[in-house]
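> sequence and predicted structure are below.
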Amino acid sequence: MANTSKPSGAAAPVSAPVKYPLARLRRDCRKLYGVSTSTFDGATVGYKPEEKFTVAEMGDIIKVWKDAPIQRPKTGKEGK
């Protein structure tokens, strides 16, 4: 019987990560990132709806946004 398996040293082809439209990631943001749609919307302000991201890329964007300090406008008595 002939051995038809690949040698153990052969590397399997690596496929490129799948990129999804912003709307698709938003639809499953609770399951993927554990955040609400409003948090997802806040983290993605400024991105175009047609832009595509991998699940990991969007996770990094959300993490950076959540870790950013809150900046409050200086108005009224608090700003003086």
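Nice, thanks for sending it over. Residues are numbered from 1 along each chain as shown.
> over to K52: give its phi and psi.
phi -120, psi 150 (degrees, to the nearest 10).
> skipping adjacent residues, who's closest to it in space?
Among residues not flanking K52 along the chain, K19 sits closest, at 3.8 Å (CB to CB, 6 or more residues apart in numbering). For every residue, glycine as well, the C-beta is placed using N, CA and C.
> chain center to stretch 39-59: distance?
6 Å (CA atoms, centre = their mean, to the nearest Å).
> tell me the span between the first and last residue of that stretch.
End-to-end distance for stretch 39-59: 12 Å, by CA to CA, to the nearest Å.
> tell me which residues of that stretch come out buried.
Counting neighbours by 16 or more other CB atoms under 10 Å, one finds that the buried residues in stretch 39-59 are 39-40, 43-44, 53, 58-59.
> and Y20, how many neighbours?
17 (other CB atoms under 10 Å).
> and P73, by the same measure?
Neighbours around P73, by other CB under 10 Å: 7.
> same question for I61.
17.
> T44 is in contact with that one, correct?
Yes: using CB atoms under 8 Å, I61 makes contact with T44 at a distance of 6.9 Å.
> need the pLDDT of the residue nearest to K52.
Model confidence at K19, given as pLDDT, is 97.
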